[in-house]
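here is a sequence together with a model predicted from it:
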Amino acid sequence: MEGFWQTHKLGKIKFTQKESDIEVVTEKCFFCDDLPEVGRTLCDLDEVMLESAINTKLGLEYSVTEEECSGLGNGHCKSVIRFPKG
């Protein structure tokens, strides 16, 4: 996945396991890195691409939620992949 992001110039992406979830941090996001703070997340496309790739590859329904974004003034984007319960 990291190679895909770099190849397509989507930013620099890093995955980190956090208890039962995975945090995905994108630096230099292709969409919102140069945009001003607007008080909301902006990277729906990142969420959809991550969720689709994971659900298709693993055949399970995972959810991906963006929690931090340059649009919120965070200076990076962070999404959380939540594993299905049960």
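Arrived safely, thanks for sending.

counting neighbours, what do you get for the nearest residue to residue 28 once chain neighbours are set aside?
Excluding the flanking residues, the one nearest residue 28 by C-beta to C-beta, 6 or more residues apart in numbering is residue 11, at 4.6 Å. From N, CA and C alone the C-beta is placed, and that goes for glycine too. Applying other C-beta atoms under 10 Å, we find 20 residues neighbouring residue 11.

likewise for residue 48?
The burial count for residue 48: 11, using other C-beta under 10 Å.

doesn't it belong to a strand?
No: read with DSSP: H, G, I helix; E, B strand; the rest coil, residue 48 is helix and lies in no strand.

relative to residue 79, how far out is it?
11 Å (C-beta to C-beta, to the nearest Å).

cool, and residue 12?
Residue 12 is 14 Å from residue 79, by C-beta to C-beta.

where do the helices of this protein begin and end?
2-7, 44-58 (DSSP state H).

can you list contacts of the longest one?
Counting by C-beta atoms under 8 Å, 6 or more residues apart in numbering, the neighbours of helix 44-58 from elsewhere in the structure are 1, 10, 24, 26, 29, 31, 60-66, 77, 79, 81.
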